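*Asks:* Show me how the following folds:
(one chain, ligands or ions: 1)
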Amino acid sequence: MTDDGSYSVNSKEINNKIETLHTSTGAISESFEKFIKPLKLNYEKDIAILDICAGLGYNSSAAIADFIENEGKGNLRIDMIEISKPTLACGLLVPSPIEAHDITRKAIERELLKEEYLSLELEDGEIPENMEINVFIDDARQIIQNLEDDQYDAIFLDPFSQNMSPELFSVEFFNEFKRVIKDDGIVCTYTSSAPVRAGFIESGFHVGKGPVFGRKQGGTLASPDVKKLEYSLPKNDEIRIALSDVGIPFRDWGLSNNSDEILERRSIERKSARHNTKISSAVKTPIFLGVDMDDEKLKRRVERNLVKMNIPSTTSDEAFYIIESEKSYNEKQDKDNNSRNRILDMVERLNRILKKKED
Ligand SMILES: C[S@@+](CC[C@H](N)C(=O)[O-])C[C@H]1O[C@@H](n2cnc3c(N)ncnc32)[C@H](O)[C@@H]1O
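*Replies:* Sure thing, here's the model as predicted:
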């Protein structure tokens, strides 16, 4: 039982690791805080949601509850994707954390009966006429390739951590998001990880800071439309994503690599980029650009990394030139002043400094 009284389960062992499906702060509360609140959906129209890594179905249930509470005028369609039948079945065994979960349970039960994973129909819940809930049981990377373009108002991305499931945080997977999401749709995920945010940017998304819940850092929101994303990423996160090897995303060519291959590929790419095309992420070097440092020992380490990149010191002209766009940093973002634009600007400026070195 998590702190809000709703239940979670542990994963089976994957890559020698076990994780719980939800934060101990509150499983169903996390669904509302991280996945529903940032959406600001228009309840006058039909709504379509893609729930990736549906697990026990809490995120879908929270979306249903929100739709009912806001007296949605159109239809609600939710496409849930989950690879594990036992996990979906656990969603039928835990006590429903909210009434709307009975609707999700009915949809899960229906699919598990169809798959002959269950033999008895026990759920009392009914799926209302204005709702369609589809459950796809397979690897989300395979399912998404068969989904139609431009249809989702929201995508929930709720995998295990990036070390356990890097395949669900890759640029290639996000390219599929870009294809299936509406122009003003929004992707919600709990992680604040630099490679994940970098992956969204490489796939053409705007990114913004998501709500903080059960963790120190806010999650990540991504959308083709910056107007959907109120808050910029924290300034130092932008700098590290743009300039250091920590901002190298996960890659999964053909959407078919296993997690070890993806982690290994990123590690090789980081190594070859470090001191070459990207500033070393060691001691968070790039966040000291433009900073007059007091700590002599740290300064020596930082400047040793900078010199290799044609940047003589933290307060050199080159340092200030690279982070120029951060001068206009604003916590609120808009069409011109936003995280994506600043990150791409810094990448370009670093490349110009490196080009000067080659010339
Ligand atoms: C953190 S849990 C999700 C919790 C869930 N959103 C809920 O509301 O209960 C991650 C889920 O991702 C599923 N998963 C792992 N790899 C997957 C894949 N390739 N495709 C689809 N689901 C996957 C796991 O089985 C697990 O249920």
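
*Asks:* from here on, contacts and neighbour counts on C-alpha atoms
*Replies:* Will do.

*Asks:* Distance of residue 115 relative to the ligand?
*Replies:* 17 Å (Cα to the nearest ligand atom, to the nearest Å).

*Asks:* What number of neighbouring residues does that residue come out with?
*Replies:* For residue 115, the neighbour count with other Cα atoms under 10 Å is 12.

*Asks:* Kindly report the same for residue 207.
*Replies:* Residue 207 has 29 neighbouring residues, counting by other Cα under 10 Å.

*Asks:* Return the residues in contact with it.
*Replies:* Contacts here follow Cα atoms under 8 Å, 6 or more residues apart in numbering; on that basis residue 207 touches 197, 200-201, 220-223, 226, 229, 232-233, 339-340.

*Asks:* Throw those residues into JSON lines and include secondary structure, thanks.
*Replies:* Conversion of these to JSON lines gives the following (DSSP: H, G, I helix; E, B strand; the rest coil):
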{"residue": "197", "secondary structure": "helix"}
{"residue": "200", "secondary structure": "helix"}
{"residue": "201", "secondary structure": "helix"}
{"residue": "220", "secondary structure": "strand"}
{"residue": "221", "secondary structure": "strand"}
{"residue": "222", "secondary structure": "strand"}
{"residue": "223", "secondary structure": "strand"}
{"residue": "226", "secondary structure": "helix"}
{"residue": "229", "secondary structure": "coil"}
{"residue": "232", "secondary structure": "coil"}
{"residue": "233", "secondary structure": "coil"}
{"residue": "339", "secondary structure": "helix"}
{"residue": "340", "secondary structure": "helix"}
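
*Asks:* Between the residues you listed, which sits nearest residue 254?
*Replies:* Minimum separation from residue 254 among these (Cα to Cα) is found for residue 200, which lies at 17.4 Å.

*Asks:* Save the contacts of residue 207 as a markdown table, and put in pLDDT too.
*Replies:* Formatted as a markdown table, the contacts of residue 207 follow (pLDDT from 0 to 100):
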| residue | pLDDT |
| --- | --- |
| 197 | 98 |
| 200 | 98 |
| 201 | 98 |
| 220 | 97 |
| 221 | 98 |
| 222 | 98 |
| 223 | 98 |
| 226 | 97 |
| 229 | 96 |
| 232 | 97 |
| 233 | 97 |
| 339 | 98 |
| 340 | 98 |
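
*Asks:* top of the residues you listed by neighbour count?
*Replies:* Neighbour count (other Cα under 10 Å) singles out residue 221 as the most crowded of these, with 33 neighbours.

*Asks:* Neighbours of the residue nearest to residue 284 when sequence neighbours are not counted, how many?
*Replies:* In space, and not counting its chain neighbours, residue 284 is closest to residue 240: 7.5 Å by Cα to Cα, 6 or more residues apart in numbering. Per other Cα under 10 Å, the neighbour tally for residue 240 reads 23.

*Asks:* does residue 240 sit in a helix or strand, and which one?
*Replies:* Secondary structure assignment for residue 240, by DSSP states H and E: helix 235-243.

*Asks:* Residues contacting whichever helix or strand comes after that helix, please?
*Replies:* Using DSSP H and E, the helix or strand that follows helix 235-243 towards the C-terminus is helix 259-273. With Cα under 8 Å, 6+ apart as the test, helix 259-273 has contacts from 163, 164, 165, 166, 167, 245, 246, 248, 249, 250, 251, 252.
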